[in-house]
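**Student:** pasting a predicted model and its sequence here:
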Amino acid sequence: MTWQGWLQIAVFAALITAAVKPLGGYIARNVDAAGRVQRALAPMENGLYRLAGVDPAEEQSWVSYALALLWFHLAGILALYALQRLQNLLPLNPQQFEAVTPDLALNTAVSFATNTSWQSYGGETTMSYLSQMAGITVQSFLSAATGVAVAIALVRGFARRSAQTIGNFWVDVTRITLYVLLPICVIAGLFLVWQGVPQTLGAYVSATTLEGGSQILARGPVASQEVIKLLSGDGGGFFNVNSAHPFENPTALAGMLEMLLIFMIGVALTNTFGRMVGDQHHGWALFAAMALMFAAGLAVVYASEGTHNAALSPFGIDQATGPLQAGANMEGKEVRFGVGQSALFATVTTTSSDGAVNSMHDSFKPLSGLVMMANMMLDEVIVGGPGSGLFGILLFAIVTVFAAGLMIGRTPEYLGKKIEGNEVKMTILALLCVPAFILGMSGVAAVLPSGMAGLNNAGPHGFSEMLYAYTSGAATNGSAFAGLSANTPFYNLTLAAAMFAGRFIVIVPVLCIAGMLAAKRVVPASAGTLPTHGMQFIGLLVGTVIIVGGLTFFPALALRPVAEHFAMQAGLTY
């Protein structure tokens with residue numbers, strides 16, 4: 001560990017905290033009709049409503065909202081699938097790439113429509129410019145807008161009284177895209193171009209190396225996809241090595257901006273929530289809970305990666321930090337970022353739903369890998385993705401006040417709304433979906449020959465690569481332990497199922513909760529009401545997240561020897 005690394009962490013923490021209130025207020029003013037900034041883009045917004053036949057004044061029940069969302073993303077999956085299957089016949093394909101295989105095309109379509117960005121392919125060798133721009137980039141915008149829309153719908157459930165509607169899905173997605181995502185992407189995209197990220201429709205170019213050889217340099221409309229991949233929490237890179245590629249992340253300054261983009265909307269929505277329910281102090285309490293869990297994970301990862309690698313010690317390798325070498329565990333890391341920013345980026349990307357990487361997670365030490373998997377197993381609540389992080393931590397807040405109410409013998413209340421049996425049932429359904437698919441899919445893959453065939457490493461690390469894949473998929477993260485060969489029909493289809501369930505089987509119960517809460521009246525606070533501002537509530541919330549997250553983590557640890565036993569019984573090498 002170095003002081004430069006700690007300085008980068010401190011600067012990141014200061015900048016992201018400073019963005020919470022202004023961006024949160026901006027989002028709150030723009031998602032509803034009152035006070036939204038629409039002067040420049042209002043004609044475009046109204047034109048889109050007329051084109052789609054949408055009445056912006058007509059609101060929807062939670063059922064109508066959920067059906068609109070599901071049909072919208074089903075259409076998105078089909079469109080992206082078709083685009084990949086037909087890319088060899090379509091324009092903007094200067095490299096003449098062939099059509100994507102059916103199972104890979106389905107996996108990719110589900111991946112980006114669910115805001116996961118799991119990639120079983122190398123972008124620069126598989127996808128045409130049209131597939132990258134009209135397919136992947138478009139779905140990055142729409143999946144992010146959907147996540148924020150669902151979070152806003154849940155917030156309306158807390159804020160409204162005796163209401164039968166939670167908003168209009170089409171209006172929410174349109175306003176979030178036009179007024180939040182697009183302006184930030186334009187500004188940040190120009191910044192990345194300035195830093196050296198390509199933005200061109202020209203074909204790949206040939207270059208002569210210093211040794212006199214020839215090399216093909218892949219390029220394309222990278223900057224426009226790069227910025228939304230980070231801001232949206234989608235994380236899918238234009239290039240195979242993602243943000244470790246110098247054309248996606250050329251400088252340490254660009255790396256800092258990319259990390260800020262990953263967290264920006266997730267942390268700001270805590271302030272948006274506080275404003276919309278009339279209690280900004282509670283929004284800061286949610287932010288504090290996220291920050292505590294993030295800081296704990298980051299400290300462990302940086303401490304682990306910032307010291308020497310014990311596996312190299314028997315070989316007499318000098319791992320000391322000095323003027324000519326970075327020291328510590330530099331395996332799989334870019335020298336232009338070093339251990340400090342690599343550890344920070346890895347923690348940021350696994351505590352969010354982004355999945356972008358600027359180093360190879362498979363090369364991190366075991367303790368670091370454990371923390372990164374645990375971050376995702378906590379159901380995407382440590383900041384999380386745009387919208388999904390907020391509604392994820394609000395689900396845990398509901399469990400927290402429910403448990404606290406049972407302990408003191410009172411009907412649980414949260415922000416003036418009674419938390420009753422139906423809300424708790426839907427909350428538990430949403431929270432248990434992700435652990436069920438992580439453990440179920442990992443267990444199946446660990447005992448089937450088609451699952452075992454994807455392992456490039458035997459033993460515990462091979463199982464970790466498999467477990468990481470399904471954790472990343474079900475938690476809609478998308479990062480990977482890259483030692484797993486996942487571009488097979490088995491993994492493409494099972495990971496697609498995990499991604500679909502981890503996104504939509506969570507979202508539908510959340511919208512149901514929003515509808516039930518919106519119909520309730522506000523109960524006046526009393527002496528038995530649990531305060532939701534101070535350290536007591538923050539501590540209870542963090543404890544609840546860790547305990548419920550353990551439903552995935554500890555069974556996963558126990559699953560490895562069980563999987564090994566069945567594999568040995570079947571005569572498989574494990």
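**Tutor:** Looks like it came in fine.
**Student:** helix/strand/coil for V138?
**Tutor:** helix (DSSP: H, G, I helix; E, B strand; the rest coil).
**Student:** per-residue confidence for it?
**Tutor:** In this prediction, V138 carries a pLDDT score of 93.
**Student:** before we move on, what about A570?
**Tutor:** 48.
**Student:** how about the most centrally placed residue in the chain, phi and psi?
**Tutor:** With distances taken as CA atoms, centre = their mean, the chain has S353 as the residue nearest its mean C-alpha position (1.2 Å). Its backbone dihedrals place S353 at phi -100, psi 20, with angles given as degrees, to the nearest 10.
**Student:** residue contacts, it?
**Tutor:** Contacts for S353 were tallied using CB atoms under 8 Å, 6 or more residues apart in numbering; they are 115-116, 233, 235, 380, 384-385, 388-389, 475-478. C-beta: built from backbone N, CA, C; applies to glycine.
**Student:** now with 10 Å?
**Tutor:** Taking CB atoms under 10 Å, 6 or more residues apart in numbering as the contact definition, S353 lies against 114-117, 143-144, 147, 232-235, 262, 266, 376, 380, 383-389, 392, 472, 475-479, 502-503.
**Student:** just P183 next, same as before
**Tutor:** If a contact means CB under 10 Å, 6+ apart, then P183 has 26, 30, 37, 40-41 as its contacts.
**Student:** sorry, back to before: so what's the residue nearest to the centre of the chain closest to, chain neighbours aside?
**Tutor:** Spatially, and ignoring its direct neighbours in sequence, S353 is nearest to G385 (3.2 Å; CB to CB, 6 or more residues apart in numbering).
**Student:** give me the secondary structure label for that neighbour.
**Tutor:** Secondary structure of G385, reduced to three states by three-state DSSP: coil.
**Student:** ok, it to S368 distance?
**Tutor:** Applying CB to CB, to the nearest Å, the value for G385 to S368 is 22 Å.
**Student:** who's more crowded, those two?
**Tutor:** Comparing G385 with S368 by neighbour count (other CB atoms under 10 Å), the higher total belongs to G385, at 31 against 23.
**Student:** was I right about the more buried one contacting S140?
**Tutor:** No: G385 sits out of contact with S140 when judged by CB atoms under 10 Å, with a separation of 11.2 Å.
**Student:** and for those two, which residues touch both?
**Tutor:** Common contacts of G385 and S140, defined by CB under 10 Å, 6+ apart, comprise 115, 232-235.
**Student:** can you tell me which of those is closest to L493?
**Tutor:** Checking the shared contacts of G385 and S140 against L493 with CB to CB, the nearest one is N115 at 19.3 Å.
**Student:** okay, now the closest one: neighbour count?
**Tutor:** 33.
**Student:** and if you look at T411?
**Tutor:** As a burial measure, the neighbour count of T411 was computed by other CB under 10 Å and equals 12.
**Student:** who wins for neighbours among the shared contacts of G385 and S140?
**Tutor:** Neighbours were tallied for each of the shared contacts of G385 and S140 (criterion: other CB under 10 Å), and the maximum of 37 neighbours falls on G233.
**Student:** so for the residue lying closest to that residue once chain neighbours are set aside, what's the pLDDT?
**Tutor:** When the adjacent residues along the chain are set aside, G233 lies closest to G385, with 3.3 Å between them (CB to CB, 6+ apart). In this model, G385 is scored at 85, pLDDT.
**Student:** do the same with P531
**Tutor:** Looking at P531, its pLDDT reads 73.
**Student:** what's the helix or strand for the nearest residue to it once chain neighbours are set aside?
**Tutor:** Leaving aside its sequence neighbours, P531 sits nearest to F537 (CB to CB, 6+ apart; 6.2 Å). When secondary structure is defined by DSSP states H and E, F537 falls within helix 535-569.
**Student:** same check, this time on Y49
**Tutor:** When elements are defined using DSSP H and E, Y49 is found to belong to helix 42-52.
**Student:** so which elements touch that helix?
**Tutor:** Taking 3 or more CB pairs under 10 Å, 6 or more residues apart in numbering; DSSP states H and E as the contact definition, the neighbouring helices and strands of helix 42-52 are helix 169-176.
**Student:** go through the helix or strand following the helix it packs on and flag the buried ones.
**Tutor:** Proceeding N to C from helix 169-176, the next assigned helix or strand is helix 182-195, under DSSP H and E. When burial is assessed from 16 or more other CB atoms under 10 Å, helix 182-195 yields the following buried residues: 184-185, 188-189, 192-193, 195.
**Student:** got the residues you listed as a markdown table, with distance to V54 and pLDDT columns?
**Tutor:** Below are the buried residues of helix 182-195 laid out as a markdown table (distance: CB to CB, whole Å; pLDDT from 0 to 100):
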| residue | distance to V54 | pLDDT |
| --- | --- | --- |
| I184 | 24 | 93 |
| C185 | 23 | 93 |
| A188 | 29 | 93 |
| G189 | 28 | 93 |
| L192 | 33 | 94 |
| V193 | 34 | 94 |
| Q195 | 39 | 93 |
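**Student:** pull the most distant pair out of those.
**Tutor:** Using CB to CB, the buried residues of helix 182-195 reach their maximum pairwise distance at I184 and Q195, which is 16.3 Å.
**Student:** as a quick check, tell me the outermost residue of the protein.
**Tutor:** The centre of the chain is farthest from one residue, G212, which by CA atoms, centre = their mean lies 42.2 Å away.
**Student:** quick check, that residue in a helix?
**Tutor:** No: under three-state DSSP, G212 falls outside any helix and is assigned coil.
**Student:** give me phi/psi at it?
**Tutor:** phi 90, psi 0.
**Student:** cool, the one 3 residues further on as well?
**Tutor:** Per-residue torsions, Q215: phi -140, psi 140 (degrees, to the nearest 10).
**Student:** domain-wise, how is this structure divided?
**Tutor:** As recorded under automatic domain parsing, the domains making up the chain are 23-280, 285-315+325-569.
**Student:** about what we covered before: what distance do you get for the residue nearest to P531 to Q325?
**Tutor:** Taken as CB to CB, the spacing of F537 relative to Q325 amounts to 47 Å.
**Student:** of those two, give the one with the bigger neighbour count.
**Tutor:** When F537 is set against Q325 and neighbours are counted by other CB under 10 Å, the residue ahead is F537, at 21 against 12.
**Student:** go ahead and confirm that one touches F396.
**Tutor:** No: under the contact definition of CB under 10 Å, F537 does not touch F396, with a separation of 11.6 Å.
**Student:** mutual contacts of the two, please.
**Tutor:** Overlap between the neighbourhoods of F537 and F396 consists of 286, 289, taking contacts as CB under 10 Å, 6+ apart.
**Student:** how deep is the residue nearest to L23 when sequence neighbours are not counted tucked in, by neighbour count?
**Tutor:** Counting by CB to CB, 6+ apart, A268 is the residue found nearest to L23 once chain neighbours are left out, at 3.8 Å. By other CB under 10 Å, the residues close to A268 number 26.
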